[in-house]
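Asks: coords below, sequence missing:
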């Protein structure tokens, strides 16, 4: 099995039928034709693959229309961490229902052979998820095949056809899923390793969750700690406040007051969830917004520097290159 080139695609804001079809997905309406340019979803969606033969798809979206998305998938072991919402699909006619409307849930299943997937999009649905696909042969032969007797329960599950097993993800995995949806903006090589490490850790917990009833019990007990989900939701609340607020509302004291916790607790919860400080996230979220404005709206570098909170375009260019690996001029010309 050869190593393929790393691929990373991210869509923000409006996600159209045409954009999905560029990625190999066919989209049809449930009542009449769909426009290629109209918004099918709004939010954030990303697709990437890694040297470890993982494909990672993330989304945090609101679905704007009723539609059906169809695409082909190869043989794979699939892990989904659904943080919010409900995802319905079928693999060669076998229905899959990933329901996390009450609380985040983890799901794992195997697709032993290439299949056609139909994913049902429902107007008004909010879905936040991470989907990790590992090559079937890589998991079953290269990983589990080293000790087939020891991993007989997992092997039997993966070879019995398309069926889904759910488990309650640990607090650590919920944080990793959030980090994949809203990654720490960094150099492309660092970003690749960042995604790969988190994807592998999520896959490892999913495999352990189906290895035995004991493993399932241990995972469930970890998540049932009283503050686990609360800390997860608090971290997302802090992040969402920063992304949606004006720059003059982004002091530590203002954010903590708005969320209803102390500055110290806010810093600790955020760092545990995302591996970076609140100030670092504010700085980099402004750089991301400035980059998007240059790429989408064509604003000048001086305007982008001001938008990101830099008085000096030279300092802005230095910070921009450190985070994204390209200059502001290169981003603006793409």
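Replies: Ah, there it is. All values reported here derive from a predicted model rather than from experimental measurement.
Asks: What separation do you get for residue 130 and residue 277?
Replies: Computed as C-beta to C-beta, to the nearest Å, the residue 130 to residue 277 distance reads 23 Å. Every C-beta, even on glycine, is put in place using the N, C-alpha and C of the backbone.
Asks: who's more crowded, the two?
Replies: Ranked by neighbour count (other C-beta atoms under 10 Å), residue 130 and residue 277 place residue 130 first, with 27 against 13.
Asks: measure that one to residue 202 for me?
Replies: 7 Å.
Asks: Residue 47 - that's part of a helix, no?
Replies: No - Residue 47 sits outside any helix when classified using DSSP: H, G, I helix; E, B strand; the rest coil, being strand.
Asks: Just the pLDDT for it.
Replies: Reading off the confidence values, residue 47 has pLDDT 85.
Asks: quick one: it and residue 55 touch, right?
Replies: Yes - between residue 47 and residue 55 there is a contact under C-beta atoms under 8 Å: 7.4 Å.
Asks: those strands in this structure, which residues are they?
Replies: Taking DSSP state E as the criterion, the chain carries its strands at 8-16, 26-29, 39-49, 54-63, 67-73, 76-91, 94-100, 105-111, 115-121, 126-135, 165-167.
Asks: can you tell which of those is closest to residue 306?
Replies: Residue 306 sits nearest to strand 8-16 of all these, at 21.0 Å, using C-beta to C-beta.
Asks: one step back: if you compare the strands of the chain, which one is most tucked away?
Replies: Of those, the one with the most neighbours on average (mean count of other C-beta atoms under 10 Å) is strand 105-111, at a mean of 23.
Asks: what packs against that strand?
Replies: In terms of contacts (3 or more C-beta pairs under 8 Å, 6 or more residues apart in numbering; DSSP states H and E), strand 105-111 is packed against strand 76-91, strand 94-100, helix 152-159, strand 165-167, helix 188-211.
Asks: Just give the strands next to that strand in its sheet, each with its orientation.
Replies: strand 76-91 (antiparallel), strand 165-167 (antiparallel) (DSSP bridges).
Asks: which residues are in contact with that strand?
Replies: 73-82, 91, 96, 98-99, 136, 140, 157-159, 162-169, 173, 205-207, 209-210 (C-beta atoms under 8 Å, 6 or more residues apart in numbering).
Asks: follow-up on the earlier one: can you put the helices and strands packed on strand 105-111 in TSV and add distance to residue 66 and mean pLDDT?
Replies: Shown next, in TSV, are these (distance: least, C-beta to C-beta, whole Å; pLDDT from 0 to 100):
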stretch	distance to residue 66	mean pLDDT
strand 76-91	12	93
strand 94-100	17	91
helix 152-159	33	87
strand 165-167	26	91
helix 188-211	30	87
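Asks: For residue 267, find the nearest of the strands paired with strand 105-111.
Replies: strand 76-91 (22.3 Å).
Asks: How far off centre is the closest one?
Replies: With C-alpha atoms, centre = their mean, to the nearest Å as the basis, strand 76-91 stands 12 Å off its chain's centre.
Asks: now swap in stretch 147-165 and tell me
Replies: 26 Å.
Asks: quick one on the thing from earlier: among the helices and strands packed on strand 105-111, which is nearest residue 286?
Replies: helix 188-211 (18.3 Å).
Asks: For the closest one, list every residue counted as buried.
Replies: Within helix 188-211, the residues scored as buried using 16 or more other C-beta atoms under 10 Å are 191-192, 194-196, 198-199, 202-203, 205-211.
Asks: got it, and stretch 176-185?
Replies: 176, 177, 178, 179, 180, 181, 182, 183, 185.
Asks: Equivalent analysis for stretch 295-306, please.
Replies: Across stretch 295-306, burial judged by 16+ other C-beta under 10 Å covers 299, 301, 304, 305.
Asks: End to end on that stretch, go ahead and measure it.
Replies: Stretch 295-306 has its terminal residues 16 Å apart, counting by C-alpha to C-alpha, to the nearest Å.
Asks: Average pLDDT for that stretch, rounded please.
Replies: 86.
Asks: Which residues does it contact?
Replies: 290-291, 293-294, 307, 311-313, 315-317, 328-329, 331-332, 334.
Asks: So among those residues, which ones count as buried?
Replies: Counted by 16+ other C-beta under 10 Å, the contacts of stretch 295-306 give 290, 291, 293, 294, 307, 313, 316, 317, 328, 331, 332 as buried.
Asks: how much space between the closest residue to the third one other than its chain neighbours and residue 150?
Replies: Nearest in space to residue 293, with sequence neighbours left out and distances taken as C-beta to C-beta, 6 or more residues apart in numbering, is residue 299 at 4.9 Å. When distance is defined by C-beta to C-beta, residue 299 is 58 Å away from residue 150.
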